[in-house]
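Visitor: Just need the structure, nothing else, for what follows:
(one chain, ligands or ions: 2)
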Amino acid sequence: MKTMQQIPAKAYHSSGFMGKYQELVRREMIPYQYKVLRDEAGNAEKSGVFANFINAGKTLRGENAEPFYGMVFQDSDAGKWLEAAAYSLAAHPDEQLERECDELISLIAAAQDEDGYLDTRFTISDRDKRWTNLLEAHELYCAGHLMEGACAYFDATGKREFLDVMEKNAEHIYRRFIVEKAEGYPGHPEIELALMKMYRATGNRHCLELAEHFINCRGVDPCYYEKEKEKRDWTVWGNNPVDHDYQQNGKPVREQSDAMGHAVRAVYLYTGMADLAAETGDSELFAACRRLWESIVNRRMYITGGIGSTVHGEAFSVDYDLPSDTAYSETCAAIGLMFFASRMLENEINGEYGDIMETAFYNTVLAGIQLDGKRFFYVNPLEALPGISGVSPTHRHTLTTRPGWYACACCPPNAARLISSIGQYAYGEKGDTVFCHLYAAGDAEFSNGIRLRCETEYPYDFTVNYTVSGNGRLAVRIPARCGKYVIRKNGNNISPENKSGYVYIEISDGDTVTVELNDAPRFVYASEKVPALTGKAALCFGPMVYCFEGVDNEGDVLSLSLDTSENASVGEYDKTLLGGTRKLTAKGFRREKQSSLYSSEAPKKSPCELTAVPYALWGNRGENQMRVWLNIG
Ligand code: FUB
Ligand code: ZN
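Guide: Numbers count the residues shown, from 1 in each chain. Ligands and ions are numbered 1, 2, ... in the order given. The predicted structure is shown next:
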């Protein structure tokens with residue numbers, strides 16, 4: 001029995017901070033990404049996504065076609081872009097965008113084989129290789145992303161074509177893995193969570209059965225990929241099928257406890273598991289999700305909500321191994337962590353899930369996007385130093401400025417779809433209770449008839465006003481970091497009980513509810529178990545982690561240290577700074593420059609004022625040093 005369910009993306013109309021980002025997606029990111037996918041974006045890395053669907057269609061019609069272009073999972077970018085566009089259309093009807101979507105959907109439909117198979121990589125050529133390399137070939141991953149796009153587009157427009165195509169594809173996969181009992185499970189989990197959406201959108205129980213099958217059979221035969229490899233004479237990247245931890249298949253998922261392996265794959269898998277557990281009331285599966293959740297958030301997550309700390313395999317490392325300068329912390333992984341958190345909330349109302357969801361969102365996800373919406377970080381280090389980052393062999397993956405696109409372009413359209421559907425993560429409902437997991441300015445409508453208007457300048461101010469229409473209960477998450485808070489109903493202070501991080505308030509038509517959080521700048525210290533952070537502190541304000549950039553600190557952050565005995569202070573909201581933000585200033589020290597590499601003279605240091613800006617906004621003012629954690633004293 002679900003504790004709560006997400007509201008549809010279209011039930012939220014944003015304003016304030018969320019509105020600003022949703023507008024950026026609508027006005028800049030979606031049109032820009034459309035051009036990229038059509039290979040019309042000038043200098044950006046070539047995509048080939050549209051061309052691949054056109055060429056797959058031609059191949060099926062027996063016409064001459066160009067070869068497939070790009071990564072084996074290139075089709076997934078179409079699914080994510082369509083998903084982002086669909087959410088945007090739901091809130092802002094736009095004939096041109098809808099025409100563009102319909103055109104792409106027709107190309108996708110024309111690229112589907114008669115039997116329902118859909119994947120341009122193995123339709124344009126290598127037909128005989130279909131389904132022979134689940135480990136690397138991403139057929140189920142691409143199908144999953146296209147399914148998610150189809151569900152969102154159906155929800156936004158009521159048009160069925162895309163959903164029908166993907167239901168036919170789901171039936172094809174069902175025949176193969178359930179009816180014909182083909183062995184194996186997804187190399188890159190994703191389809192599990194997508195099938196849950198397909199089940200809800202179509203009511204087709206085969207989708208639920210298939211999701212359940214892929215989750216339940218994973219790791220039952222840990223050697224499946226080895227056996228698969230024996231049977232084929234080709235490979236995509238030469239991936240090692242023996243690394244079971246990396247593939248999250250060393251044990252059945254119900255027996256897993258440590259978040260391991262490729263970080264995006266892991267959190268997509270856990271999202272599917274948590275979704276299934278909530279749908280079917282499977283407490284054993286939920287217990288596994290909870291253990292995996294704790295492994296991530298208590299031992300393997302950056303302060304920014306970033307996960308996957310090593311570039312080697314884009315993967316989780318071991319407990320407490322959280323280096324700042326070589327962090328991988330892929331944007332998609334933080335998005336996946338938000339997905340996981342949102343599905344955990346469907347099993348258990350616990351403020352911890354919302355706390356992590358907002359940490360990942362306000363820090364790593366937003367850091368993935370340049371303020372103009374046209375450049376993106378894939379990797380999100382917590383320290384970037386021009387000359388070393390992006391240059392040294394150990395730091396080649398940590399760039400100091402955002403590129404316009406990537407050969408492996410999973411992150412940019414993922415950020416677009418997440419932001420354009422942020423209402424789903426911010427609000428939920430169960431019976432007559434409406435849940436506010438994130439403080440998201442705007443209007444939210446619930447199927448129980450309640451409507452909420454939320455007015456707030458969060459995350460830069462911590463007063464949140466709700467105006468209610470309808471009757472029921474309002475459940476608002478109180479972040480664990482806020483020791484003190486005030487709640488007022490119709491102007492009068494009230495003291496509702498805080499149950500697992502949520503306060504529950506009876507509401508009637510016309511009520512106003514105000515939540516005032518006590519949020520001041522604060523220093524955060526890492527556990528002594530994190531070797532990279534010994535003796536360091538970070539500066540945070542509300543849900544945002546701040547960072548020190550050279551441009552605000554005389555061009556050099558390496559000689560700075562923090563005086564954490566003095567409170568940091570917060571500047572006025574400055575709408576001209578980084579698209580609108582508040583700076584923090586802290587007391588600290590700057591050590592004098594040293595002329596030689598080593599010296600036996602202790603460095604002199606003098607007191608100074610340090611300036612910090614939100615980590616989400618770093619790298620928007622050219623090449624620049626950046627550090628989140630500074631030494632204390
Ligand atoms: O494999 C598909 C996507 O590409 C993954 O989710 C990302 O981590 C990147 O490897
Ligand atoms: Zn990515």
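Visitor: so who does the residue of the stretch 351-500 of the chain found nearest ligand 1 touch?
Guide: In the stretch 351-500 of the chain, the residue that lies nearest ligand 1 is residue 410 (4.1 Å; Cβ to the nearest ligand atom). Backbone N, C-alpha and C define where each C-beta goes, glycine included. By Cβ atoms under 8 Å, 6 or more residues apart in numbering, residue 410 lies in contact with 73, 76-77, 80, 264, 332, 378.
Visitor: For the stretch 201-350 of the chain, which segments are assigned as helices?
Guide: Here the stretch 201-350 of the chain has its helices, by DSSP state H, counting those that start in this stretch, at 205-217, 224-231, 263-280, 283-299, 331-345.
Visitor: Using a markdown table, lay out those together with distance to residue 428.
Guide: Shown next, in a markdown table, are the helices of the stretch 201-350 of the chain (distance: least, Cβ to Cβ, whole Å):
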| stretch | distance to residue 428 |
| --- | --- |
| helix 205-217 | 21 |
| helix 224-231 | 36 |
| helix 263-280 | 12 |
| helix 283-299 | 17 |
| helix 331-345 | 7 |
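Visitor: how much space between residue 404 and residue 46?
Guide: Shown here: residue 404 relative to residue 46, a distance of 11 Å by Cβ to Cβ, to the nearest Å.
Visitor: More neighbours: the two, which one.
Guide: residue 404 (16 against 13; other Cβ atoms under 10 Å).
Visitor: State the phi and psi torsions of the closest residue in space to the more buried one that isn't next to it in sequence.
Guide: Leaving out its chain neighbours, the residue that sits closest to residue 404 by Cβ to Cβ, 6 or more residues apart in numbering is residue 44, at 4.1 Å. Backbone geometry at residue 44, expressed as degrees, to the nearest 10, gives phi -70, psi 150.
Visitor: Residue 44: what's it in contact with?
Guide: Per Cβ under 8 Å, 6+ apart, neighbours of residue 44: 36, 404-405.
Visitor: Contacts only, for residue 578.
Guide: Neighbour list for residue 578: 371, 613-614, 617, 620-621 [criterion: Cβ under 8 Å, 6+ apart].
Visitor: Actually, residue 547.
Guide: By Cβ under 8 Å, 6+ apart, the neighbours of residue 547 are 382, 612-615, 618, 626-628.
Visitor: Which among those residues count as buried?
Guide: 382, 612-615, 618, 626-628 (16 or more other Cβ atoms under 10 Å).
Visitor: Quick check: residue 284 vs residue 598, distance?
Guide: 57 Å.
Visitor: Among these two, which residue is more densely surrounded?
Guide: Ranked by neighbour count (other Cβ under 10 Å), residue 284 and residue 598 place residue 284 first, with 9 against 5.
Visitor: surely the more buried one meets residue 255?
Guide: No. Between residue 284 and residue 255 there is no contact under Cβ atoms under 8 Å: 9.8 Å.
Visitor: which residues sit in contact with residue 455?
Guide: 15-16, 441, 464-467.
Visitor: let's see it at 10 Å
Guide: Contact analysis of residue 455 by Cβ atoms under 10 Å, 6 or more residues apart in numbering lists 15-16, 441-442, 463-467, 512, 514.
Visitor: so which two of the contacts of residue 578 are the farthest from each other?
Guide: Distance extremes for those: the farthest pair is 614 and 621 at 12.9 Å, using Cβ to Cβ.
Visitor: what sits against the residue nearest the centre of the chain?
Guide: Geometric centre of the chain, nearest residue: residue 335, 0.7 Å, by Cα atoms, centre = their mean. If a contact means Cβ under 10 Å, 6+ apart, then residue 335 has 264, 267-268, 360-361, 364-365, 368, 410-411, 414-415, 417-419 as its contacts.
Visitor: Which residues belonging to stretch 190-210 are considered buried?
Guide: 190-202, 204, 206-208, 210.
Visitor: Can you tell me who the nearest residue to residue 544 once chain neighbours are set aside pairs with across the strands?
Guide: Sequence neighbours aside, residue 614 is the residue nearest to residue 544 in space, at 4.6 Å (criterion: Cβ to Cβ, 6+ apart). Judged by DSSP bridges, the bridge partners of residue 614 are residue 546.
Visitor: Might one say that residue 614 is in contact with residue 581?
Guide: Yes. The pair residue 614 / residue 581 is scored as a contact, 5.8 Å apart, by Cβ atoms under 10 Å.
Visitor: confidence score at residue 508?
Guide: pLDDT for residue 508: 98.
Visitor: my read: residue 162 touches residue 107, true?
Guide: No. Taking Cβ under 10 Å as the definition, residue 162 is not a contact partner of residue 107, at 11.0 Å.
Visitor: So those two - more neighbours on which side?
Guide: The neighbour count for residue 162 versus residue 107, taken as other Cβ under 10 Å, is higher for residue 162 (27 against 20).
Visitor: near ligand 2, which residues of the stretch 351-500 of the chain?
Guide: Within the stretch 351-500 of the chain, the positions adjacent to ligand 2 are 410-411 by Cβ under 5 Å from the ion.
Visitor: which stretches of this protein have low pLDDT?
Guide: Within the chain, no stretch falls below the threshold (pLDDT under 70).
Visitor: Would you point out which residue of it is nearest ligand 1?
Guide: Counting by Cβ to the nearest ligand atom, the chain gets nearest ligand 1 through residue 264, at 3.6 Å.
Visitor: From residue 234, how far out is that residue?
Guide: Taking Cβ to Cβ, one finds residue 264 at 24 Å from residue 234.
Visitor: Compare those two and say which is more crowded by neighbours.
Guide: residue 264 (27 against 12).
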